[in-house]
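Chemist: The amino acid sequence is not available; the structure is as follows:
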C-alpha cells in the first residue's frame, strides 16, 4: 500500500469530479487536513501503521462530496469499503479509517485520539489567522449551494457554530481554542 500513489489517484479523482461551486471543500482543503494531521502525528509521536491510517483518512475524509453534499461522510465510508481493499488495506484498517471519516460529521463525536486529531485538523482554521480567508471560501460555497442567502445569515451561522464547536486534542484546546474564541467575539461585536 503506497500512500503516494493513493494520494495521486485521489487527487485526480477529486479534481476531475468535484463541482465548481465547492470553493471550500477542495483538494487544497484535503491537503491542508493532511498537513495538519502530519503535524499532530509528529507532535503525538504517532508512527508506522497508525500514522499511515491517519493520513489515509485525511486524504479520503471528503471524497463523498463527489456524489452528495449532505451526508458526504457516509459516501466516503462506502468508497473506502469498495476501493481500499484493492490498495492492500485490511478490513480492520478500513474500519478504523471509516471511524475517522465518520467522526468528522457535525457535531463531531470522536472516540479515540486518531478521530480527535482528524476532527481538529478538519476545522483547524477556526483557531488560526486563516479564519477569515478560509471562512470566505466556505461562505461562497454555502451561498452557491443555497445553504445561506446573505452575509448576515453567514455571520449568524458562524456565531452559532463557533459557540457549539469544541476542539478535542490537548494541543488544539491550548493553542486553537483561544484564537477561535477571539474570532467569535469579533463576530459578535461586529454583528
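Modeler: Okay, I see it. From a predicted model like this one, the values you see are computed outputs, not experimental measurements.
Chemist: Please report how far residue 140 lies from residue 147.
Modeler: In this view, residue 140 and residue 147 are 11 Å apart by Cβ to Cβ, to the nearest Å. From N, CA and C alone the C-beta is placed, and that goes for glycine too.
Chemist: do the same with residue 119
Modeler: 21 Å.
Chemist: again with residue 21
Modeler: Distance of residue 21 to residue 147, given as Cβ to Cβ: 11 Å.
Chemist: what sits up against stretch 4-23?
Modeler: For stretch 4-23, the external contacting residues (Cβ atoms under 8 Å, 6 or more residues apart in numbering) are 25-27, 30, 56, 59-60, 63, 65-66, 87, 137-138, 140-141, 144-145.
Chemist: Just the ones of those residues in helices?
Modeler: Helix and strand membership here follows DSSP state H; of those, those in helices are 27, 30, 56, 59-60, 137-138, 140-141, 144.
Chemist: ok so, going back, can you list residues touching both of residue 21 and residue 147?
Modeler: Counting by Cβ under 8 Å, 6+ apart, the contacts common to residue 21 and residue 147 are residue 141.
Chemist: Which of the ones in helices among the contacts of stretch 4-23 has the largest number of neighbours?
Modeler: Of all the ones in helices among the contacts of stretch 4-23, the most densely surrounded is residue 56 (27 neighbours; neighbours counted as other Cβ atoms under 10 Å).
Chemist: Next, the contact list for the residue nearest to that one when sequence neighbours are not counted, please.
Modeler: Counting by Cβ to Cβ, 6 or more residues apart in numbering, residue 97 is the residue found nearest to residue 56 once chain neighbours are left out, at 5.5 Å. When contacts are counted by Cβ under 8 Å, 6+ apart, residue 97 touches 53, 56-57, 60, 80, 84, 89.
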